[in-house]
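**Q** One predicted model, sequence on top.
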Amino acid sequence: MNSIDLEFILVFLIIISILLIIFNRTISNIDNKFINWLIYQSKSFLPILLIVLFLRSFLAEPFRIPSGSMLPTLLIGDYILVNKYQYGIRLPVTKFKLVEISNPERGDVVVFRYPGNEKINFIKRVVGIPGDIVRYEDKNLYVNNIKYKKVKENEHMYINDFFREEIDIFTESNKTKSYNVLNDNMSPSNDDTFKVPKGKYFVMGDNRDHSSDSRYWGFVPNENLVGKAFLIWMSFNSNNYSLKYKRIGNSIK
């Protein structure tokens, strides 16, 4: 997912704007057209920059889905909104948590900074929370020795986006949430068992056999959480340059 640190850019522009405004008040008569133009622009755009920073840092942030690791839940070309305060309010840039609100639950779709390179944002589904024992065996998920129910499905509204003969689609469910996952019958199961440490989360992609996730690179620290994905606000098909209108406004389950 997009790795440009727009938050840092916004904070930088706000600081520059404030400094220019202070400079203008300190020295009222400036005989330089370019500096006067900069000061004028700073006064005009500072309120907008502050509003954008507030909305993006504390309320919701947009992301684009560039890969198929979350198929069939999220398609390549989906544009989503992420709730930034669901898991606590953090300061921009520093990511210091000011207010604790809630913690991720099993089944949440979350955006986080990839532990291997925190400039990159990943999106996956939370499978295990601190203290859980997660086992993946023969393409079945077990959490604390409880096997998640899997029911094979034959239909999906956007099945052409991922269907191949070796692909099966299932509804996977625990006691509180259900969602679709994909299994590739040509890929190995990669069976293993994991104990989730304190303050960390175990995440997996819904495209189980084609996802780089906690099975391969480890756990997600709480401080790396960006927010909870909750809405598809746009969906674009790059193959024929069209919109998937029926996906617009759908909640993310």
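**A** In hand now; what should we look at?
**Q** Where does the prediction get shaky in the chain?
**A** Counting by pLDDT under 70, the chain contains low-confidence ranges at 1-4, 28.
**Q** Quick check: closest non-adjacent residue to the residue nearest the centre of it.
**A** Centroid check for the chain by CA atoms, centre = their mean gives residue 111 as the closest residue, at 2.3 Å. Counting by CB to CB, 6 or more residues apart in numbering, residue 226 is the residue found nearest to residue 111 once chain neighbours are left out, at 4.3 Å. From N, CA and C alone the C-beta is placed, and that goes for glycine too.
**Q** Report the contact partners of the one you found.
**A** Applying CB atoms under 8 Å, 6 or more residues apart in numbering, one finds that residue 226 lies in contact with 61, 82, 84, 110-113, 121.
**Q** any idea how far it is from residue 120?
**A** Plainly put, residue 226 is 11 Å away from residue 120 if you go by CB to CB, to the nearest Å.
**Q** Need the overlap of contacts for these two.
**A** The contact sets of residue 226 and residue 120 overlap at residue 113 (CB under 8 Å, 6+ apart).
**Q** gap between the two ends of stretch 155-168?
**A** End-to-end span of stretch 155-168 (CA to CA, to the nearest Å): 10 Å.
**Q** neighbouring contacts of that stretch?
**A** With CB under 8 Å, 6+ apart, stretch 155-168 has contacts from 68, 71-72, 75-76, 152, 169, 180, 182-186, 207, 244, 246-247.
**Q** cool, stretch 245-253 as well?
**A** Here stretch 245-253 makes contact (CB under 8 Å, 6+ apart) with 73-75, 78, 80, 109, 157-158, 177-179, 229-235.
**Q** what about burial for those, which qualify?
**A** Neighbour counting by 16 or more other CB atoms under 10 Å classes 73-75, 78, 80, 109, 179, 229-232, 234-235 among the contacts of stretch 245-253 as buried.
**Q** Among the residues you listed, which lie within strands?
**A** Counting by DSSP state E, the part of the buried ones among the contacts of stretch 245-253 found in strands is 78, 80, 109, 179, 229-232, 234-235.
**Q** Show me which positions of stretch 64-80 end up buried.
**A** Within stretch 64-80, the residues scored as buried using 16+ other CB under 10 Å are 65, 67-80.
**Q** Among these, which one lies nearest to residue 211?
**A** The closest of those to residue 211 turns out to be residue 69 (CB to CB; 4.1 Å).
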